[in-house]
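Enquirer: Quick one: sequence plus predicted model below, questions after.
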Amino acid sequence: MLKKVFGSAVFGVEATTITVEVNVDSGIGYHLVGLPDNAIKESNFRIAAALQNNGYKIPGKKIIINMSPADLRKEGSAYDLTLAMGVLVASKQIKAETIGEYLIMGELSLDGNLQPIKGALPIAVKAREEGFKGFILPKQNAKEAAIVDGLEVYGVDNITQVINYFDKGETLEQTIINTREEFNKSLNFPEFDFSDVKGQESIKRCMEIAAAGGHNIILIGPPGAGKTMLAKRLPSILPPMTLHEALETTKIHSVVGRVKDSGLMSQRPFRSPHHTISNVALVGGGSYPQPGEISLSHNGVLFLDELPEFKREVLEVMRQPLEDREVTISRAKFTVTYPSSFMLVASMNPSPGGYFNDPNAPVTSSPAEMQRYLSKVSGPLLDRIDIHIEVTPVPFEKLSDTRKGETSVEIRKRVVSAREIQTERFKVSNNVHYNAQMNAKQIRTYCKLDDASMQLLKTAMERLNLSARAYDRILKVARTIADIEGAKDINGTHISEAIQYRSMDREGWLG
C-alpha cells in the first residue's frame, strides 16, 4: 500500500515542503531514498525501537520510502515522526484518513517521546502558505510555531498521542497564541541601564546618535574605561522592535534552534562572539549552510570586543554584509541568502599594552608598536564605521558620585522621536528605514548643506585626507544629529560634531 505524509526542509530562512511517500509491498528490505543524510538513514533504528516500545512495529515486508523532491538534500533527525507515521499508515496498522492535511515533524527517542526540532517557525509559515490544516510537532516548539495565524498547531510529547489522534479520534490540545498581545506584553526593558554609567557624557551622546541613526560605532580606549559596559547598554536605548522585525528575527534564530519555548522574540538581539571565531561562524556557511553571528544579530547589535585581536580575514568578510545588509552563501547546487541588517559596535585598546602613549601608564608602547597594532584593522573596514570615539578613564570624583545619571528610558524617548522622523522621510523607500541605510542618491536629496557647512566639510576632507565613503558617513551622522534636535536642515554645528566622530581619520590622534 502506498501512503503520502508531509514534512519540511529548511534552506536559508525559508522552508520547502517534503512529500514522504511510503510503499509497503511483499518482500523484504527497508529502502530510504531521496538524498537523506546519515541522521535520516539512522532513523529506522530509532523508529523501530519507538514503535516496539509503544505496541507497534515495523512490518517484515519490503518498505520503500521516497523523500520528494528527490534531488534536494535532506538533513537532520526531525523526519523521524513523519517516517514513522507513514510506515504505520502504509502497513495498515492504523487508520489515518486525514493525515495528508497535516504537516508532521519531530525527532523520536527510543521510548517514543519527541525531541525539539529546528526551524519550526519557517516551517509553520510554509505550511500556512500551502494550505495545510495543521502542524503536529514536539511540544517544546509549539509556541514558536503558533506565532503563525491561520494554522492549527498541536504540540505533542509522545508518538502515541499522534497515533491516537488519527486512529482513535482522541483530541490533541491546540496551542493558541495571540501574537500581538504576547509581543506587547513581553516588551520588557533590558536589565542594563545607562544610569549605571558614571561620567562618560560625551560617549553617551555618541551612543544616542548611533542608536538614533542605526550607525556603526567603534570605541577606542584603555582597559577599564567602560567600553564594554557602554556597548552592553546600547540595546536599552534602541527603539522597540516592530512586529515584522520580531517575526523576521525569530525566524533566523528558529533555523539554528535558539528560540526554544519562548515563542516570539521581542528584544533586539545582542551578540558578542569571542575573537577566536572563524569567518564561517561569523558570516554563516558550512557544508549545509547555517546563519552566522551577523545574521543572528539581524535587527540588533553585533559587539566585537578587542577588535584587533580578531583575525584579519575574519573582519574582512564583514565588509560586503555591512554595505548590503545581507549575506549570500553560494554552493555548487544552491544559493542561500541570510539578512544581516545589524549595528556594529566595536571596541579596542589603542596599543598592545592597552594604554595611550603615556609615560605614567602601567604598560607603555612605542608609537611604532601602536601603529603596528592598529594596522590589524583595515582602512576599508574602518571606513564603514560611521562613528569613531575615544573613551578616556573616568576620574575618581565621577566614579564616587552617588547621583544617578540619565536613564535609558529618557534617552530612548529622544531616539524614538528621531527614528519617527526618519520613518516618515523614508516611507516611500522599501529597504531604507533609518539614516545609516541611505544610498548615495538619498544622501544628496536629504543631506543638503549651505555654503558655510560645505566649506567646513571641504576643509576637513582636505586636512584629514578622508575618502568618499567617509564623506558620506559624515553627512549621514550629521543628518541624524539634526533629527535628534528636530532640525529640518543640516547646519555647521551638526557637520562639525559629525567630523569630531572620525577620530581614527585624524593624524596623531594617539596623542
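Expert: Everything's here; your move.

Enquirer: CA atoms for contacts and neighbours, from now on please.
Expert: OK.

Enquirer: Tell me which residue lies nearest the centroid of this protein.
Expert: In the chain, the residue lying closest to the centroid (Cα atoms, centre = their mean) is residue 296, at 2.3 Å.

Enquirer: Do I have it right that that one meets residue 254?
Expert: No. Using Cα atoms under 8 Å, residue 296 makes no contact with residue 254, being 10.1 Å away.

Enquirer: what residues does stretch 223-241 touch?
Expert: 187, 189-190, 192-194, 197, 204, 207-208, 211-212, 219-221, 266-268, 270, 299-301, 303, 305, 345, 347, 349, 354-355, 391-394, 408-409, 411-412, 415-416, 419 (Cα atoms under 8 Å, 6 or more residues apart in numbering).

Enquirer: What separation do you get for residue 159 and residue 169?
Expert: According to Cα to Cα, to the nearest Å, residue 159 and residue 169 sit 14 Å apart.

Enquirer: Same drill for the two, tell me which one is more crowded.
Expert: residue 159 (24 against 11; other Cα atoms under 10 Å).

Enquirer: OK, contacts around the residue lying closest to the more buried one once chain neighbours are set aside?
Expert: Distance criterion Cα to Cα, 6 or more residues apart in numbering; nearest residue to residue 159, sequence neighbours excluded, is residue 112 at 5.4 Å. Residues in contact with residue 112 (Cα under 8 Å, 6+ apart) are 49-51, 53-54, 158-160.

Enquirer: In helices only, show me those residues.
Expert: Cross-referencing these against helices under DSSP state H gives 49-51, 159-160.

Enquirer: quick one: the helices in the stretch 251-400 of the chain?
Expert: Assigned by DSSP state H, counting those that start in this stretch, the stretch 251-400 of the chain shows helices spanning 279-283, 293-296, 312-316, 319-324, 367-374, 379-383, 396-399.

Enquirer: Please identify the most buried of those helices.
Expert: Sort the helices of the stretch 251-400 of the chain by mean neighbour count, taking mean count of other Cα atoms under 10 Å, and helix 293-296 sits at the top with a mean of 27.

Enquirer: Could you list the domains of the chain?
Expert: The chain resolves into domains spanning 2-177, 194-422 when parsed by automatic domain parsing.

Enquirer: Can you lay out those as a markdown table showing distance to residue 476 and mean pLDDT?
Expert: Formatted as a markdown table, those follow (distance: least, Cα to Cα, whole Å; pLDDT from 0 to 100):
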| stretch | distance to residue 476 | mean pLDDT |
| --- | --- | --- |
| domain 2-177 | 31 | 94 |
| domain 194-422 | 8 | 86 |
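
Enquirer: one step back: from residue 256, how far out is the residue nearest to the centre of the chain?
Expert: For residue 296, the distance to residue 256 - Cα to Cα - is 9 Å.

Enquirer: what's the answer for residue 453, then?
Expert: Residue 453 is 48 Å from residue 256, by Cα to Cα.

Enquirer: likewise residue 48?
Expert: Shown here: residue 48 relative to residue 256, a distance of 28 Å by Cα to Cα.

Enquirer: And residue 414, by the same measure?
Expert: 35 Å.

Enquirer: Between the two, which is the more surrounded one?
Expert: Taking neighbours as other Cα under 10 Å, residue 414 and residue 256 compare with residue 414 leading, 21 against 16.

Enquirer: list the contacts for that one?
Expert: Neighbouring residues of residue 414 by Cα under 8 Å, 6+ apart: 212, 484.

Enquirer: What values do phi and psi take at it?
Expert: phi -70, psi -40 (degrees, to the nearest 10).

Enquirer: And for residue 124?
Expert: Residue torsions, per degrees, to the nearest 10, at residue 124 are phi -60, psi -40.

Enquirer: Which PyMOL command selects the buried ones in the contacts of stretch 223-241?
Expert: To isolate the buried subset of those in PyMOL, counting by 16 or more other Cα atoms under 10 Å, use the following:
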select buried, resi 192+193+194+197+204+207+208+211+212+219+220+221+266+267+268+270+299+300+301+303+305+345+347+349+354+355+391+392+408+409+411+412+415+416+419
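
Enquirer: which element is residue 31 on?
Expert: Residue 31 is part of strand 29-33, with elements assigned from DSSP states H and E.

Enquirer: Whichever helix or strand comes after that strand - contacts with which helices or strands?
Expert: Per DSSP H and E, strand 29-33 leads on to helix 38-41 as the next helix or strand towards the C-terminus. Identification of packing neighbours for helix 38-41 by 3 or more Cα pairs under 8 Å, 6 or more residues apart in numbering; DSSP states H and E yields no helix or strand.

Enquirer: okay, helix 38-41 in CSV with CA atoms only?
Expert: Output in CSV follows, covering the C-alpha atoms of helix 38-41 (Å, rounded to 0.1, in the frame of the first residue of the first chain):
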residue,chain,number,x,y,z
ASN,A,38,23.2,10.0,7.8
ALA,A,39,20.9,11.2,10.6
ILE,A,40,17.9,10.3,8.4
LYS,A,41,19.4,7.0,7.3
